[in-house]
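Engineer: Build the 3D model from these lines:
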Amino acid sequence: MPNILAPEKPALRGVILAAGLGLRLRPLTHQIPKPLLPVAGRPILERTLDRLLVGGCRSVAINLHHLGERIRSAIGAEYRGMPIEYFDEPEILGTLGALQPMRRFLQPADLVILVNGDSLCRWPVGPLIARHRATRARATLLLAKRPDARELGGGVGVDRTGRIVQMRNGPTQGLVVRRLVFAGMHVFAPDLLAEVAEGPADIVENLYLPLLAGGERVESFGTGALWHDLGTPRRYLEGALAWVGGLPGGSWISPSAEISQGASIAGSIVEAGCRIETGARIEHSLILSGSSILGGSSLRSAVIGPGVEIPSGAMIENAMIVHEAGSISLR
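Structural biologist: Predicted coordinates for the structure are as follows:
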């Protein structure tokens, strides 16, 4: 009887956009590129790579600009056996322009998953791909059912079937029955990029809006999974704490952190190498690696940068503290 092999699964390749400057998170991002910001002991970038790997990605490309060598050093040439290829951008090329230098990398793929490197989500890669294949769309975008689209520029307009009919308040190509928030992940075939010119370009302005105007099918997959754009200190704090919200006490404390008896920690994250002294009180806060919170200090809704020492008796609320920058109001 002949040996009949199961057909090979289509090749899936990922792209993580990691070249941003992290302007709204400065001065924290002077020290740490945004994709390497930690969330409960692991960089955002690793958490995204985990989801791409589980979703079937064969390899991933990452574009680099701001502190790019730190990203390259942190991740290396492969991640859990999945090859990583890096593309340096001396000039930032934008969400579409970044893909032009990757054409050779993307060409063997059946589908491409493109994801923002500064977003935090338990990415539903499999369901997104299934939706894309079922609708035979030119592209399918992941849309978050939370937060409120009105708070983030009006969101993406979809019709009753989930087809995208409006983006960025552009012309409407159908009846908008709901507005959702773009969650930073797309799927499409690499031939969609055939006409992409060299140079800086934006994927909405220079690809999706022309597709919609031409009557092409751009679909959505709505997810109720928690999704966070970590672009500001407050969003970073809220996103990180939401990630660990189901843990006992709503807190995550690194095994290497030194927590004295009599310290109070509630609804917070304490990263590796931190020291929390007796009498310190920490609520709804994020303490990054190597920081010390001395006795009698009180922190509420605070982000404490790496290696910062908070003196005894200090009271900090709704602020980010980073070396050489002092206190910055959370926004």
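
Engineer: Thought Ala137 was touching Leu192, still the case?
Structural biologist: No - using Cβ atoms under 8 Å as the test, Leu192 is too far from Ala137 to be in contact (10.2 Å). Every C-beta, even on glycine, is put in place using the N, C-alpha and C of the backbone.

Engineer: Neighbour count: these two, which is higher?
Structural biologist: Counted by other Cβ atoms under 10 Å, Leu192 and Ala137 do not tie: Ala137 has more neighbours, with 22 against 17.

Engineer: Got the confidence number for the more buried one?
Structural biologist: pLDDT for Ala137: 95.

Engineer: SS state for it?
Structural biologist: coil (DSSP: H, G, I helix; E, B strand; the rest coil).

Engineer: mind listing what it touches?
Structural biologist: Arg163, Arg217, Val218, Glu219 (Cβ atoms under 8 Å, 6 or more residues apart in numbering).

Engineer: Can you pull the phi and psi angles for the residue most central in space within the chain?
Structural biologist: Of all residues in the chain, the one closest to the mean position by Cα atoms, centre = their mean is Ser119, 1.7 Å from it. Dihedral angles of Ser119 (phi, psi; degrees, to the nearest 10) stand at phi -110, psi 150.

Engineer: Gln166 versus that one, what's the distance?
Structural biologist: For Ser119, the distance to Gln166 equals 22 Å [Cβ to Cβ, to the nearest Å].

Engineer: Kindly report the same for Ile75.
Structural biologist: In terms of Cβ to Cβ, Ile75 sits 37 Å off from Gln166.

Engineer: Likewise for Met102?
Structural biologist: On the measure of Cβ to Cβ, Met102 and Gln166 end up 28 Å apart.

Engineer: What of Arg103?
Structural biologist: 29 Å.

Engineer: Tell me which of the two has more neighbours.
Structural biologist: Legend: neighbour count by other Cβ under 10 Å for Arg103 and Gln166, higher for Gln166 (21 against 12).

Engineer: can you pull the contacts of the more buried one?
Structural biologist: Val156, Gly157, Thr172, Gln173, Gly174, Val176, Leu212.

Engineer: for Lys145, what are its contacts?
Structural biologist: Lys145 neighbours (Cβ under 8 Å, 6+ apart): Leu180, Gly222, Thr223, Gly224.

Engineer: repeat for Pro101
Structural biologist: With contact set as Cβ under 8 Å, 6+ apart, Pro101 has these partners: Phe87, Leu93.

Engineer: Phi and psi next, for it.
Structural biologist: phi -70, psi -10.

Engineer: So for Leu28, what's the pLDDT?
Structural biologist: Per the predicted model, pLDDT is 84 at Leu28.

Engineer: looking at it, it is touching Gly307, isn't it?
Structural biologist: No - using Cβ under 8 Å, Leu28 makes no contact with Gly307, being 12.0 Å away.

Engineer: who has more neighbours, those two?
Structural biologist: Counted by other Cβ under 10 Å, Leu28 and Gly307 do not tie: Leu28 has more neighbours, with 23 against 15.

Engineer: Identify the residues contacting that one.
Structural biologist: Leu28 neighbours (Cβ under 8 Å, 6+ apart): Gly22, Leu37, Pro233, Val303, Gly305, Met320, Val322.

Engineer: Can you tell me which of those residues are buried?
Structural biologist: In the contacts of Leu28, burial by neighbour count holds for Gly22, Leu37, Pro233, Val303, Gly305, Met320, Val322, counting by 16 or more other Cβ atoms under 10 Å.

Engineer: Keep only those of these that are in helices.
Structural biologist: Secondary structure assignment (DSSP state H) places Pro233 from those within helices.

Engineer: Kindly reformat the buried ones among the contacts of Leu28 as CSV and extend each row with pLDDT and distance to Leu294.
Structural biologist: Putting these into CSV (pLDDT from 0 to 100; distance: Cβ to Cβ, whole Å) gives the following:
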residue, pLDDT, distance to Leu294
Gly22, 71, 29
Leu37, 94, 25
Pro233, 91, 22
Val303, 96, 18
Gly305, 93, 16
Met320, 92, 18
Val322, 91, 18
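
Engineer: which one of the buried ones among the contacts of Leu28 sits closest to Asp202?
Structural biologist: Gly22 (18.3 Å; Cβ to Cβ).

Engineer: Let me see the contact set for that closest one.
Structural biologist: So Gly22 contacts Leu28, Thr29, Pro33, Lys34, His66, Asp118, Gly231 (Cβ under 8 Å, 6+ apart).

Engineer: now Leu37
Structural biologist: Leu37 neighbours (Cβ under 8 Å, 6+ apart): Leu25, Leu28, Pro43, Ile44, Leu230, Tyr236.

Engineer: Let me see the ranges of the helices in the stretch 101-250 of the chain.
Structural biologist: For the stretch 101-250 of the chain, helices defined by DSSP state H, counting those that start in this stretch occupy the ranges 103-106, 125-135, 203, 209-213, 233-243.

Engineer: Which of these sits closest to Leu49?
Structural biologist: helix 125-135 (11.4 Å).

Engineer: and that closest one, C-alpha only, in CSV?
Structural biologist: Provided in CSV are the C-alpha atoms of helix 125-135 (Å, rounded to 0.1, in the frame of the first residue of the first chain):
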residue,chain,number,x,y,z
VAL,A,125,-3.5,33.9,15.8
GLY,A,126,-5.4,30.7,14.9
PRO,A,127,-8.9,32.1,14.9
LEU,A,128,-7.7,35.2,13.0
ILE,A,129,-6.2,33.0,10.2
ALA,A,130,-9.3,30.8,10.1
ARG,A,131,-11.5,33.9,9.6
HIS,A,132,-9.2,35.2,6.9
ARG,A,133,-9.3,31.9,5.0
ALA,A,134,-13.1,31.5,5.4
THR,A,135,-13.8,35.0,3.9
